[in-house]
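J.: Have a look at this prediction, sequence included:
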Amino acid sequence: MSPPRPRPDRPSHGPGPGLVRAVTAGLAATALALPLFGASAAALPVPAEPTGQAVGADLTEQRAHWIDRGTVLWPADLAPGHTYTLVTSADADLDVSGGELGGTYETLELTPDPDGPTEDQRAARPHLADLSALDVERVNGPRLRTALTGQLAVVERDGDGTVTAATGVQIPGVLDDVYADAADADLGAVWDAKGRPTVSLWAPTARSVSLELYDDSASDTPRVVRMRRDHRTGVWSVRGGADWAGRFYTFDVRVFSPYADGGRGAVVDNRVTDPYSVSLSTDSVRSHLVDLDDPDLAPEGWAHQDKPAAVPPEAASVYELHVRDHSVSDDTVPAELRGTFAAFTRPGSAGMRELASLAEDGMDYVHLLPAFDIGSVPEDPADRAEPSCDLESFGPASEEQQACVAQVRGEDAFNWGYDPYHYTVPEGSYSTDPDGAARVTEFRRMVGGLNDAGLRVVMDVVYNHTHQAGQDEQSVLDRVVPGYYHRLGADGGVATSTCCPNTAPEHLMMGKLVVDSVTTWARDHKVDGFRFDLMGHHPKQNMLDIRAALDELTLEEDGVDGSSVLLYGEGWNFGEVADDARFVQATQANMAGTGIGTFNDRLRDAVRGGGPFDADPRVQGFGSGLYTDPNGSPANGTAEEQRARLLGYQDLIKVGLTGNLRDYRFTDSSGEETTGWEVDYNGAPAGYNLHPGEAVTYVDAHDNETLYDALAYKLPPGTPMGDRVRMQALSLGTAVFGQGTVFVHAGSERLRSKSLDRNSYDSGDWFNRLDWDCAAGNNFGAGLPPAWDNQDKWDYARPLLADPALVADCAAVEAARERFGEMMLIRESTPAFSLGTAEEVQGRVSFPTSGADELPGVITMRVDTTGLEGEWSSVTAVFNATPETVGQRVEALAGGDVSLHPVQAESTDETVRGSSFDPGTGTLTVPPRTVAVFVED
């Protein structure tokens, strides 16, 4: 996902009328984008925080904060002579009118604390540090727990007893305090040795909870079973019999919700699924009681699944793929299996043959876009709609395709899937039978199929928000513990800076849910890695807790080595949590030293040029011809400005090639010695990592235009297809030959286009088409990209899409695939590109031609491999992004036995084979638009 921009055309999600809620999770598109610090992040809208202004008397808002059992924070100065009370109404009938508080309620006295919050309280909640503090009278446990089940308000009265202010109360803090022991509770369905489940739900504010048990997913009449509450933990539980296995269930939770009754609040009976569900009925209507250890759910050989060897992050390569994209257009897959988990079990299909081929080239992981249960795609095929037009009949630059796709948005089978409904259940629309546990078995078979192809599996997980919140139909968490699981603004409204209702992993039980969910995927589904969407909205501590929990999983006890599980995510810094406003975030700089990776947007922008939100998409970069092959756009500036910016980009790329290390020292393009931290990236430090394995290096992803589409905008319009292939390969090479994790978007190795769509989250199969057979081209010219995110670029797009020379033919696709495969084989052949420590990188990696005289458009990197495994003493990569042959003199190579890497020496690419070395001068000669790798014996 991406830092979001509002999508007013999407349905509103959130707690109650009057609260603007942004879009569906597809908004993802913007984000692999924001800088770490600076104006871009700060400019994004954030919910209002407390300011110390007058509170008013509005009980539809929750401006007071009950942060622990002894403290309430009041968002205004305490008035001399006024009194404050905390009231709780079991009937939820509080009302303020004419200076009087109406309704039935009980009162807890509040005493002003002139010192305000304690230092520990301020440190734990820095965004509330300036609020006034009120001490809550000491009450016994039962009275306190009962108070938390009612409608709560803090009331201010003057000396005459007239109500001068009143507001509702945010309660996550006090729930975490009172029910801290719940952190150790087993939630969901836990099975004993006799096959009997104990079903448990954390619902501390509920008046009652019943389990509704159904014989099957279609039954109308449930058996209602009362659940018992543990007053210490707030967990409601019931033990069932062995005959419960395979049945479906929901909970009936009677609870006060501030979002009910139009935001006025009411006690409601919520029929809701289990947040800890592991299987579901179709469309997630009911939870399904299954034991994940049940042998019937295990594919053949599952207990001893033969996995490819684990790869450390500094050596890992990752291929980002959407489950549906993989097979929906693959005619070698049976029609009924296309777009499903099951397609990954067909080793003879075109898609699986290609994935196996990538593994042979050195690809380690397939990263699957969200494959957990989502709320944006109908799971029953009969409920879906597909475009009714003949999409093939329209012209390459027509508006008709996107208009036809738009008619069925939200009803078709496609979405990126950043719409979490249930975090720990495989998505039903990817199953051949979404009604029950088939989705579980088929997900596991998919994992096995990918493992058999030589690939480990990464899941894209989205714990930073939910699809809906409040009393909305597809809300789960808020209908169990209203007002707890989501991050709230100053007025109690749910924050939506992610795009959708933001969750609050800083709260004890939301953090626990994240940890429990991740460990379930790793232990019970043998997932080998996790990519965290908008990870900067998680506390750093939450990520460390995940790492610690995974590290406890062992082959002997759990069947998996949790310490080998790969973790990385989007460390963007924005929204209401920006700059550690509420907690220490899991942002790029903050995660340095943890071993958890973050995406490197610095190298991405330097290679592509500009940024994801440029008004003119023709802004060029190192890999798209800036200065050396100008496209004529005024957005690129004068020749002098282009040259200066290109040299700055080259410094960013050098830092990126080191693993974006903070302390790496080198000579920059001005001739000055500098460090990664001191190189500028839009006013922020370029380098921030402490270990090379913390870098996730990429030039495109599902977000924003594909690399091919970006180059279509940025390269001069008349650039021949052969040169486009070369610039595609050179751009990918900056990721492949850098230190750290290599990340590649599916199809970039074969010139994949989305017809210039910059945000294809809801653009259907048509714009997201991925063909393993090049006969249909590369999907360029499939019509103007959808208006809802691209119309402002249509004037730039029309002439490009109408140009048949920009549609890649088989020769171009195959050449691009060969170049990528060669680069991956080179990376695998030497430890030069996977050094394990910052010290090794500093001691071995150099840029011998960097300095005041460096050539614009050319980067030379030498890696001293003396003493490492392999037959070579050094490896040197030259990235020549210019349209001219260049020579690069490397004094350390003079007189050496240097030759083109054997893979490139035997390449079908005649151009790269023309690279040469002069031992007399140590000069490497590299043809235009070429990345060449030389080895020294």
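T.: Ah, there it is. As the structure is a prediction and not an experimental result, all values here were calculated from the model. Numbering: from 1, shown residues only.

J.: For the rest of this, base every contact and every neighbour count on C-alpha atoms.
T.: Will do.

J.: What number of residues are in the vicinity of Glu641?
T.: By other CA atoms under 10 Å, the residues close to Glu641 number 11.

J.: Leu626 versus that one, what's the distance?
T.: As judged by CA to CA, to the nearest Å, Glu641 and Leu626 stand 10 Å apart.

J.: Is Met352 in contact with Ala342, as I believe?
T.: No. Counting by CA atoms under 8 Å, Met352 stays clear of Ala342, with 11.3 Å between them.

J.: Have a look at the protein and report its longest strand.
T.: strand 57-68 (DSSP state E).

J.: Quick check: next helix or strand after that one?
T.: Sequence-wise, the next helix or strand downstream of strand 57-68 (DSSP states H and E) is strand 71-74.

J.: just checking, what packs against that next one?
T.: Packing contacts for strand 71-74, counted by 3 or more CA pairs under 8 Å, 6 or more residues apart in numbering; DSSP states H and E, involve strand 57-68, strand 132-136.

J.: what about the closest residue to Arg604 other than its chain neighbours, how many residues close to it?
T.: Leaving aside its sequence neighbours, Arg604 sits nearest to Val699 (CA to CA, 6 or more residues apart in numbering; 4.6 Å). Residues near Val699, counting by other CA under 10 Å, number 27.

J.: what about Val699, is that helix, strand or coil?
T.: Three-state assignment for Val699 (DSSP: H, G, I helix; E, B strand; the rest coil): coil.

J.: Mind listing residues that contact stretch 61-80?
T.: 50-55, 112, 117, 128, 131-138, 153-154, 167-178, 490-493 (CA atoms under 8 Å, 6 or more residues apart in numbering).

J.: Could you do stretch 164-180 as well?
T.: Stretch 164-180 is contacted by residues 55-69, 96, 99, 151-158, 204, 232-234, 483-485, 492, 507-509 when judged by CA under 8 Å, 6+ apart.

J.: So for that stretch, what gets flagged as buried?
T.: Buried positions in stretch 164-180, judged by neighbour count with 16 or more other CA atoms under 10 Å: 164-176, 178-179.

J.: just stretch 294-301 next, same as before
T.: Residues of stretch 294-301 classed as buried by neighbour count (16+ other CA under 10 Å): 297-299.

J.: Of those residues, which is the nearest to Thr860?
T.: Pro299 (49.2 Å; CA to CA).

J.: any idea what the closest one is structurally, helix, strand or coil?
T.: coil.

J.: Now do the contacts for it.
T.: Counting by CA under 8 Å, 6+ apart, Pro299 has contacts 441, 444-445.

J.: any idea how far Val447 is from it?
T.: Separation of Pro299 from Val447 (CA to CA) stands at 10 Å.

J.: Angles on the backbone of the residue nearest the centre of the chain, please.
T.: The centre of the chain sits closest to Asp533, judged by CA atoms, centre = their mean, with a distance of 1.6 Å. The phi/psi pair for Asp533 (degrees, to the nearest 10) reads phi -60, psi 130.

J.: Check what pLDDT it gets.
T.: As predicted, Asp533 sits at a pLDDT of 98.

J.: I'd guessed it sits against Val461; true?
T.: Yes. Counting by CA under 8 Å, Val461 is a contact partner of Asp533 at 6.1 Å.

J.: what do those two both touch?
T.: Counting by CA under 8 Å, 6+ apart, nothing touches both Asp533 and Val461.

J.: In the buried residues of stretch 164-180, find the pair that's most separated.
T.: The span of these, defined through CA to CA, is set by Thr164 and Tyr179 at 32.7 Å.

J.: Pro142: how many residues sit nearby?
T.: The burial count for Pro142: 9, using other CA under 10 Å.
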